[in-house]
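Asker: For reference, the sequence and a predicted model appear below.
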Amino acid sequence: MSEQTKAALDAAIAARIADECDEPTIVTGYVLHAAHLSTENIDRGSTGYFAEYADQQPFHVCVGLAHQLTQKLALDYEDDDD
């Protein structure tokens, strides 16, 4: 990823969090995980995955954020079943 794109991603994440918070915040870490399909291989349905995380973020922080997201998703989908 280019430095310019990484800086834009970091800024977008910080702006999104600031939109949701009532007080000033500092982003201390993030994990972005996305699925994608190649438009040239779309008929094969072969999904690829992309991951990005904050610069110099320790492994244990990535794992903790992924675990917290898994728990939130489980609760969100459980609520949707009601």
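Answerer: Nice, thanks for sending it over.
Asker: hey, which helix is longest across the chain?
Answerer: Assignment by DSSP state H gives helix 59-80 as the longest helix of the chain.
Asker: Run the chain-centre distance for that one.
Answerer: 11 Å (Cα atoms, centre = their mean, to the nearest Å).
Asker: separation between the most centrally placed residue in the chain and residue 79?
Answerer: For the chain, the residue nearest the mean C-alpha position is residue 32 (2.3 Å; Cα atoms, centre = their mean). According to Cβ to Cβ, to the nearest Å, residue 32 and residue 79 sit 24 Å apart. All C-beta spots, glycine's among them, are computed from the backbone N, C-alpha and C.
Asker: Residue 4: what secondary structure?
Answerer: helix (DSSP: H, G, I helix; E, B strand; the rest coil).
Asker: pLDDT at it, what is it?
Answerer: pLDDT, residue 4: 95.
Asker: The one 3 residues further on now?
Answerer: According to the prediction, residue 7 has pLDDT 93.
Asker: what's the burial count for it?
Answerer: Residues near residue 7, counting by other Cβ atoms under 10 Å, number 11.
Asker: again with residue 54
Answerer: Using other Cβ under 10 Å, residue 54 has 19 neighbouring residues.
Asker: got it, and the one 4 residues further on?
Answerer: Residue 58 sits with 11 neighbouring residues when counted by other Cβ under 10 Å.
Asker: With the one 4 residues further on instead?
Answerer: By the measure other Cβ under 10 Å, the count of residues near residue 62 is 16.
Asker: ok, now which ones touch residue 22?
Answerer: Not one residue lies near residue 22 by Cβ atoms under 8 Å, 6 or more residues apart in numbering.
Asker: Pretty sure it sits in a helix.
Answerer: No: remark: residue 22 does not belong to a helix; assigned using three-state DSSP, it is coil.
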